[in-house]
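In: I'll drop the sequence and a predicted model, then ask my questions.
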Amino acid sequence: MPILILLRHGQSQWNLEDRFTGWVDVDLTAEGEAQARKGGELMKAAGLQVDRAYTSVLTRAIRTLWLALAAAGQAFVPETKDWRLNERHYGGLTGLNKTETAAKHGAEQVRIWRRSYDTPPPPLAPGGEWDFSRDRRYAGVVLPDTESLKTTLERVEPYWADEIVPKLAAGETVLVAAHGNSLRAIVKLLYGLSAEGIMEVEIPTSNPLVIDLDAGLKPLTARYLDADRAQPVPKAP
């Protein structure tokens, strides 16, 4: 039966600095590297044999995938990178310190930008330091200038349906190493959660979430491999 493994990247330098990262290509810290290896060790201990892996085009997710697969003894697994698995775009908040932003705009407004389902932050002004239109990873792509979780899901959904679902339908074990919000988008699609329901879902860093699926790709069971850092998982639909 198919198995889906969701792995959120380890601590990045901007996680450590408490900054809004989004699409900025920030690398892992030493702690983040250790977290990624731990995730792979947990997969190895669980006897999981990955057939195929997917990740974003951002270094922190790519290196989390590489480190985890190497620690699992499966560095040979074929991988695919795609921008549609990127973290949500934080718009005009990109690069800002979260605490300082709350002091400037108010904690409640920042909470809405961060945690609401369909209210995005202010858009990113073109031509600035974080204008991703000059990045060749996105050549030919119509880029967002900000995203909510809703619009993040809207660009994850066709990639999920067209690229990942067929591999699961063929009975493969698929690993997706990505970001908090792109993984939450997948969870919402898989479980059919409401806008309110997905806001209750948190995915801890580098703790593999293993979801066993039936032949129709409905979740049967779900578990985090590190029980000490587990978060509640949605109920099967």
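Out: Alright, I've got the coordinates.
In: Please name the residues that touch the residue nearest in space to the middle of the chain.
Out: Nearest to the geometric centre of the chain sits H179, at 2.1 Å (C-alpha atoms, centre = their mean). When contacts are counted by C-beta atoms under 8 Å, 6 or more residues apart in numbering, H179 touches R8, H9, S56, L58, A61, L85, N86, E87, R88. From N, CA and C alone the C-beta is placed, and that goes for glycine too.
In: ranking these by neighbours, who comes first?
Out: Neighbour tally across those (other C-beta atoms under 10 Å): the maximum, 31 neighbours, falls on H9.
In: That one - nearest residue in space that isn't next to it in sequence?
Out: T64 (4.1 Å; C-beta to C-beta, 6 or more residues apart in numbering).
In: Touching the helix or strand hosting that neighbour from outside, list them.
Out: Assigned by DSSP states H and E, T64 falls within helix 59-71. The contact list for helix 59-71 (C-beta under 8 Å, 6+ apart) reads 7-10, 12, 25-28, 32-33, 35-41, 43-44, 50, 53, 55-56, 75, 77, 79, 81, 85, 175, 177-179, 206, 208.
In: Also stretch 92-105?
Out: 17-24, 110, 113, 121-125, 129-130, 146.
In: at 10 Å instead, please
Out: When contacts are defined by C-beta atoms under 10 Å, 6 or more residues apart in numbering, stretch 92-105 is touched by residues 14, 17-24, 26, 90, 107-114, 120-125, 128-130, 132, 145-146.
In: just stretch 119-126 next, same as before
Out: Outside stretch 119-126, the residues that touch it by C-beta under 10 Å, 6+ apart are 20, 22-23, 88-96, 101, 105, 109-110, 112-114, 130-133, 143-152.
In: buried ones in it?
Out: Within stretch 119-126, the residues that qualify as buried are P120, P121, L124, counting by 16 or more other C-beta atoms under 10 Å.
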